[in-house]
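1. kindly generate the corresponding structure for this input.
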Amino acid sequence: EVQLVESGGGLVQPGGSLRLSCAASGLVFEDYAIGWFRQAPGKEREEVSCVSSSQGSIYTANSVKGRFTLSIDDAKRTVYLQMDSLKAEDTAVYSCAARSTPVWDRWGQGTQVTVSS
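-> The predicted model follows:
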């Protein structure tokens, strides 16, 4: 069974940093794409950044490019999202997801990120 567990969310001031972690189990990284998504109240879910190990490619949304960085630790089976220069508009529930087909069908429980002074 595929399991994704996020951690690292919290309250941070504008301009601050957080690092989110997504610990994965029950899957082979090479067979899946792993992505970070976020959803703010009243807004649609947004794909923030994702990685496909098999393709060796990383996608990052324009809204966070230059501020957020996705990385993988294969040994720990963990995907990280380093978030720097955080803004109030980055406030959302952040979730990681996995897919081996075109559909994102495996989801973690999400972690709240709040950027506020």
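2. which strands and helices sit next to the helix-or-strand element of the chain with minimal mean pLDDT?
-> Here the helix or strand of the chain ranked lowest by mean pLDDT, DSSP states H and E is strand 57-60, holding a mean of 88. When contacts are defined as 3 or more C-beta pairs under 8 Å, 6 or more residues apart in numbering; DSSP states H and E, strand 57-60 packs onto strand 46-52, strand 68-73. To be clear about C-beta, it is placed using only N, CA and C from the backbone, and glycine gets the same treatment.
3. what is the mean pLDDT for the helix or strand where A24 lies?
-> Using DSSP states H and E, A24 falls within strand 18-25. Strand 18-25 shows a mean pLDDT of 96.
4. strand partners of whichever helix or strand comes after that strand, parallel vs antiparallel please.
-> Downstream of strand 18-25, the next assigned helix or strand under DSSP H and E is strand 33-39. Strand 33-39 has the following strand partners under DSSP bridges: strand 46-52 (antiparallel), strand 92-99 (antiparallel).
5. the longest one vs strand 68-73, what angle?
-> What separates the directions of strand 92-99 and strand 68-73 is an angle of 40 degrees, with axes from the mean of the first three to the mean of the last three C-alpha atoms, to 10 degrees.
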